[in-house]
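J.: let's see this in three dimensions:
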Amino acid sequence: MFIKCAGSLAATPYTMPYTGAKVYSIEELCFYIANNIYTITEDFFNKSLVLWLREEVKLKDLSDKLDTMITNQNRLKDLVVTILCGCDYYREDEIRKLARVIDEISNLPLHEKRKIRADNYMRAGLYARSVIAYRKLLGGAYAVNFTPEAYGNILHNLGIAHFYTSSFSDAERDFKEAYSRNHRQESLIHYLYLLLIRGRVEEFEKECIVNGMNNAQLEAVRSRFEEAKSQIETHVIDDDEIEEYKEELRKAAGSAV
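T.: As a prediction, the model looks like this:
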């Protein structure tokens, strides 16, 4: 997608704190915020963003205003609206609609806000931090607020975080319990892969049968695993493809929210 920019283009892009996405203009920044509104928190607006707006995009007035608002700890909605009004990319009615979405997020129960924060840690690649956040959600007073399916989805995401921190035994347990609660195929497949990763072939075959898979489905899972393993061992997958594969895993985790 191409975005027409009325303002200055930055020589150095601004890197988003959660996703690593890069923007080169105020218009691209507005587009990113609007399309990722559920991941935007007060932490998104920091001194680095102020400096980038001032030095790279040459928007001194906007950067000064944002700097003052951050110092005064203004509401998230005010910060977002200030940025969106920094150019003419969005109409007034579109900005008002986004402001209403922020109000809805602000009125979420505390446990839902904490889950959004944990998901943001994982999207940012802060897996150790996300493990801590998910454990607090599952083991503390917040747990009673989640339905069995939602609880299972959090376990699924915790399994993703454990996988990235090489805690394979923990990830295996997370995916198995996640599937027992959310009944999502992704959780089951991740659990079966972890069994194969850990060399537990007999248990893998048993679990496939217990979970209603026929021989063809069992072999399809095994074949996909062996194919991925072979590609990695023979270096058929280059670094970019590995990153894409990891991103798909992150998206799978994100779809469980």
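J.: which element is I105 on?
T.: helix 92-106 (DSSP states H and E).
J.: packing partners for that helix?
T.: When contacts are defined as 3 or more C-beta pairs under 8 Å, 6 or more residues apart in numbering; DSSP states H and E, helix 92-106 sits against helix 76-84. No exception for glycine: its C-beta is placed from N, CA and C like everyone else's.
J.: by how many degrees do the helix it packs on and helix 92-106 diverge?
T.: Helix 76-84 runs at 150 degrees relative to helix 92-106, counting by axes from the mean of the first three to the mean of the last three C-alpha atoms, to 10 degrees.
J.: buried ones in helix 76-84, by neighbour count?
T.: For helix 76-84, the neighbour count (16 or more other C-beta atoms under 10 Å) marks 76-77, 79-81, 83-84 as buried.
J.: distance of the residue in the chain sticking out farthest from the centre from P13?
T.: In the chain, N215 marks the outermost C-alpha relative to the chain mean, sitting 34.6 Å out by C-alpha atoms, centre = their mean. According to C-beta to C-beta, to the nearest Å, N215 and P13 sit 51 Å apart.
J.: got any ranges where the stretch 101-250 of the chain has weak pLDDT?
T.: For the stretch 101-250 of the chain, the stretches with pLDDT under 70 are 231-250.
J.: and the helix ranked longest in the chain, which residues are buried?
T.: Within the chain, and with DSSP state H defining each element, the longest helix by residue count is helix 215-233. Buried residues in helix 215-233, counted by 16+ other C-beta under 10 Å: 218, 221-222, 225.
J.: could you dump the residues you listed into JSON lines with distance to E203 added?
T.: Below are the buried residues of helix 215-233 laid out as JSON lines (distance: C-beta to C-beta, whole Å):
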{"residue": "L218", "distance to E203": "13"}
{"residue": "V221", "distance to E203": "13"}
{"residue": "R222", "distance to E203": "13"}
{"residue": "F225", "distance to E203": "14"}
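J.: secondary structure element holding Y89?
T.: Per DSSP H and E, there is no helix or strand for Y89.
J.: mind checking how far it is from L51?
T.: In terms of C-beta to C-beta, Y89 sits 22 Å off from L51.
J.: which of the two has more neighbours?
T.: Y89 (22 against 13; other C-beta atoms under 10 Å).
J.: before we move on, the earlier item: tell me the angle of the helix or strand that the helix holding I105 is followed by relative to helix 92-106?
T.: With elements assigned by DSSP H and E, the helix or strand that comes after helix 92-106 is helix 110-123. For helix 110-123 against helix 92-106, the angle by the same axes, to 10 degrees is 110 degrees.
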